[in-house]
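In: With the sequence up front, the predicted model follows.
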Amino acid sequence: MSNLQSGPSMHYLHQRLLAYPAGQAPAGQSLIALLNDLLVRLEPAVTTATLLPIYSLPLWDEHEGHDRADTLLLMVWLLADDAFCELTLYADEIISLLASSNQLMDTTHPNLDDEDQREELIRLTLNGLRLKPQNETNQQAQDRLLMVSSSERARVVAASRAAEERAEAIRKALAEKRAREAADKYTRE
């Protein structure tokens, strides 16, 4: 495992998410401008070619009236904090993270009142940029991400169901085999 750069504290980032402003979410050209400004702020030497992929992000039509923040906007809100300006971040990694943001969680509109969903969003954001929360080791950061990851939980539940189905099939097959053996024994006697 590579050495992760230390980022802001979990408590601080939880507070940052809780301060997300209510109201109309930026969309269309406003969102493109916001993303451009964010990327230039986090990596001042970013090139125009590196910025081109932001035009293919899900930016919504400005007339759709999005009033509820999705994972992309919440990640942008987190990254706009001054604490991230002090870190070494790369625009291409940020764009890659933002491009996959709405597929990282089970929900595209995390409930900010739910502490687990906030923590998952924070940890996914940090992990996508090869960061770890302040005062955590690399291993602790990875373990805690797995603990709160809704996609990991879904994978474990699916694996558990599959294992239970296999066990049930084996139990049925063994019961049928015992029944056949008992029937064979009965017919021989």
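Out: Good, I have the coordinates.
In: top helix in the protein by residue count?
Out: Across the chain, the helix with the greatest residue count (assigned by DSSP state H) is helix 150-188.
In: Could you name the helices and strands sitting against it?
Out: In terms of contacts (3 or more C-beta pairs under 8 Å, 6 or more residues apart in numbering; DSSP states H and E), helix 150-188 is packed against no helix or strand at all. C-beta here means a position set from N, CA and C on the backbone, and glycine is covered the same way.
In: From the chain's centre, how far out is it? Work that out for me.
Out: Distance of helix 150-188 from its chain centroid, counting by C-alpha atoms, centre = their mean, to the nearest Å, is 35 Å.
In: again, but for stretch 103-112
Out: Its chain's C-alpha centre and that of stretch 103-112 lie 8 Å apart, by C-alpha atoms, centre = their mean.
In: swap in stretch 128-147?
Out: Taking the mean C-alpha point of stretch 128-147 and that of its whole chain, the gap between them comes to 13 Å (C-alpha atoms, centre = their mean).
In: next helix or strand past the helix or strand where residue 74 lies?
Out: Assigned by DSSP states H and E, residue 74 falls within helix 71-79. Taking DSSP H and E as the definition, the helix or strand that follows helix 71-79 towards the C-terminus is helix 91-104.
In: what's that following helix packed up against?
Out: Counting contacts by 3+ C-beta pairs under 8 Å, 6+ apart, helix 91-104 packs against helix 28-42, helix 48-51, helix 71-79, helix 115-128.
In: want to throw these into CSV with mean pLDDT?
Out: Putting the helices and strands packed on helix 91-104 into CSV (pLDDT from 0 to 100) gives the following:
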stretch, mean pLDDT
helix 28-42, 89
helix 48-51, 89
helix 71-79, 91
helix 115-128, 92
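In: Point out the one among those helices that comes closest to residue 172.
Out: In terms of C-beta to C-beta, the element of those nearest to residue 172 is helix 115-128, at 37.4 Å.
In: Go through that closest one and flag the buried ones.
Out: When burial is assessed from 16 or more other C-beta atoms under 10 Å, helix 115-128 yields the following buried residues: 117-128.
In: Dump the residues you listed into JSON lines; add distance to residue 104 as well.
Out: Written out in JSON lines, the entries for these read as follows (distance: C-beta to C-beta, whole Å):
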{"residue": "117", "distance to residue 104": "12"}
{"residue": "118", "distance to residue 104": "14"}
{"residue": "119", "distance to residue 104": "13"}
{"residue": "120", "distance to residue 104": "8"}
{"residue": "121", "distance to residue 104": "8"}
{"residue": "122", "distance to residue 104": "12"}
{"residue": "123", "distance to residue 104": "10"}
{"residue": "124", "distance to residue 104": "5"}
{"residue": "125", "distance to residue 104": "9"}
{"residue": "126", "distance to residue 104": "12"}
{"residue": "127", "distance to residue 104": "9"}
{"residue": "128", "distance to residue 104": "8"}
